[in-house]
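Novice: Mind folding the following:
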Amino acid sequence: MADVAARDELVRALAAAVRAAQLYTAGHPIVARSAAALAAVLDRLHAHEALVTIGLVGDHIVVQDAPIARTATFMEFMARLRASGIERITFDRAVTTGEVAAFAASLAAQTDESFAHIRVGRLQLAGETETPEEPAVPTVRQAYGDAVSMAADAWQQSAAGHTVDPAALRAAIDNLALEVARNRTALLALTAIKQYDDYTLTHMVNVSILTMAQARSLGLEGAALREVGLAALMHDIGKVHTPAEILTKPDRLTPAEFAVMKQHPVHGAEMLRATPEMPTLPAIVAFEHHLRLDGTGYPEGVSRPALNAATMLCSIADVYDAMRSQRQYQQAFPTDRILAVLQRNDGQQFDQRLVRRFTQIMGIYPPGSLVRLDTGAIAIVRTPRAVDPYRPRVRLLLEPDRTPLVTPMDWDLSEAAGRGLSPSAVLAPADPDEYGIDVLEQL
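Specialist: Numbering: from 1, shown residues only. Now for the predicted structure:
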């Protein structure tokens with residue numbers, strides 16, 4: 001019979017490992033100790049059972065089908081699992097300490113990641129019939145497309161002198177926020193690979209997604225998260241008053257043209273303040289998103305003792321998406337160069353704590369990037385590693401000779417390097433079109 005005390009201890013150890021991963025870097029001794037403690041409890045339970053399962057049933061946590069006592073710590077942990085869309089976690093007997101450490105880090109960062117000996121899913125109760133879930137990729141594409149359509153409507157209404165419809169915008173943001181919560185990797189990948197038929201509109205949506213991803217990683221949820229997403233979506237709405245020849249000019253703007261461009265934060269704030277039922281935050285972010293911590297930026301002559309937190313998140317997303325976008329008048333910059341721009345001036349332009357958090361989310365090779373590895377194999381990035389950016393977790397798709405793997409394989413490049421295995425590092429990005437790969441389908 002399983003160790004009854006170990007059941008409570010298992011949930012307590014997993015919650016502690018997740019908290020440690022939130023508070024400390026991957027190599028910190030506290031992270032290592034918490035992972036070792038969790039692995040030790042699993043060993044005790046695996047002495048009796050090949051599989052150990054934690055599940056959520058109503059307001060209870062069950063371990064091996066037996067409920068455990070409800071405490072504040074356990075209830076908080078249960079809420080975190082539900083927020084991540086997890087209702088069942090199963091550990092098999094072959095699970096390693098490294099895997100449980102990586103799993104705790106994944107729960108802390110709320111990333112969608114797979115593990116060889118840990119499975120997550122929906123708990124099916126007795127007598128309940130399983131209903132197939134809608135495929136993730138079509139759902140993500142639909143949410144993105146709806147948001148772009150809604151941004152187009154808002155742009156056209158504003159250009160015609162009408163006020164935008166906050167209720168319609170909120171509906172689009174609600175869908176994006178839901179996908180940020182349950183399928184962030186695929187949604188972030190879509191922001192990188194979407195064809196820029198209309199850069200201005202897709203940029204608005206991308207900045208909203210990137211801003212919400214940052215905000216959620218900082219613990220923001222619910223209505224507050226959606227309001228931040230709405231503010232980021234509307235950050236550039238003032239550009240409806242910027243002449244098209246300036247917005248799309250292929251060459252450097254003249255001083256006079258740049259002076260016109262710099263008016264869009266003021267225009268946007270005024271438009272949003274005049275919109276009935278529009279929250280205050282979108283106007284604030286629209287006005288502030290080109291201001292910097294060191295007092296530079298524009299509107300010129302504006303002094304702020306501090307910028308709104310949503311503004312700082314939006315500004316990072318704004319610069320990142322603008323620099324990585326391939327447009328008629330701008331070549332895309334590689335991610336490492338973009339991150340160098342965000343990190344420059346020793347935090348005088350951007351809050352470096354937020355930049356570090358953004359780097360943890362995106363990495364040098366963001367989720368969904370197709371990459372060529374040091375063996376010549378082709379893989380897709382699933383989860384970046386801030387401390388080891390050239391060794392993310394990937395899914396191997398093609399052999400070096402371009403032969404497709406019969407079954408795509410998840411591979412941790414950092415762990416492979418530590419064990420002397422190959423492949424062990426990313427060499428360069430790869431073009432999905434060249435290899436005929438739909439990265440969203442692979443995610």
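Novice: what number of residues lie near residue 80?
Specialist: Counted with other Cβ atoms under 10 Å, residues neighbouring residue 80 total 18. From N, CA and C alone the C-beta is placed, and that goes for glycine too.
Novice: and what of the one 4 residues further on?
Specialist: A count of nearby residues for residue 84, using other Cβ under 10 Å, gives 18.
Novice: Same check on residue 434?
Specialist: By other Cβ under 10 Å, 10 other residues sit near residue 434.
Novice: Quick check: bridge partners of the closest residue to residue 62 other than its chain neighbours?
Specialist: Counting by Cβ to Cβ, 6 or more residues apart in numbering, the nearest residue to residue 62 once its immediate chain neighbours are dropped is residue 55, at 4.9 Å. Beta-bridge partners for residue 55, by DSSP bridges, are residue 62, residue 88.
Novice: Local confidence estimate at residue 78?
Specialist: With respect to pLDDT, residue 78 scores 78.
Novice: Go ahead and confirm it touches residue 54.
Specialist: No - with contacts counted by Cβ atoms under 8 Å, residue 78 stays clear of residue 54, the gap being 9.8 Å.
Novice: Now the common contact residues for those two.
Specialist: Taking Cβ atoms under 8 Å, 6 or more residues apart in numbering as the criterion, residue 78 and residue 54 both touch residue 61.
Novice: Could you check which of those two has the larger neighbour count?
Specialist: residue 54 (24 against 20).
Novice: so who does the residue nearest to the more buried one when sequence neighbours are not counted touch?
Specialist: Excluding the flanking residues, the one nearest residue 54 by Cβ to Cβ, 6+ apart is residue 89, at 4.6 Å. Residues in contact with residue 89 (Cβ under 8 Å, 6+ apart) are 14, 53, 54, 55, 81, 118, 119, 120.
Novice: Give me the contact list for the helix or strand hosting the fifth one.
Specialist: Same thing as residue 81. Per DSSP states H and E, residue 81 falls inside helix 72-83. With Cβ under 8 Å, 6+ apart as the test, helix 72-83 has contacts from 11-12, 14-15, 18, 56, 59, 61, 68, 87, 89, 107, 110, 181, 221.
Novice: Now the lengthiest strand in the chain - C-alpha only, PDB.
Specialist: Using DSSP state E to define each element, the chain has its longest strand at strand 404-412. These are the backbone C-alpha positions of strand 404-412, laid out as PDB (Å, rounded to 0.1, in the frame of the first residue of the first chain):
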ATOM      1  CA  PRO A 404      11.500  13.300 -41.800                       C
ATOM      2  CA  LEU A 405      11.500  11.500 -38.500                       C
ATOM      3  CA  VAL A 406       8.800   8.900 -38.400                       C
ATOM      4  CA  THR A 407       7.900  10.200 -34.900                       C
ATOM      5  CA  PRO A 408       9.100  13.700 -34.100                       C
ATOM      6  CA  MET A 409      11.200  13.600 -30.900                       C
ATOM      7  CA  ASP A 410      11.400  16.100 -28.100                       C
ATOM      8  CA  TRP A 411      15.000  16.900 -27.200                       C
ATOM      9  CA  ASP A 412      16.600  19.000 -24.500                       C
END
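Novice: Show residues contacting whatever helix or strand comes next after that strand.
Specialist: Once the chain leaves strand 404-412, the next helix or strand it forms, by DSSP H and E, is helix 413-418. Helix 413-418 is contacted from outside by 98, 373, 385, 388, 390-394, 422-426, using Cβ under 8 Å, 6+ apart.
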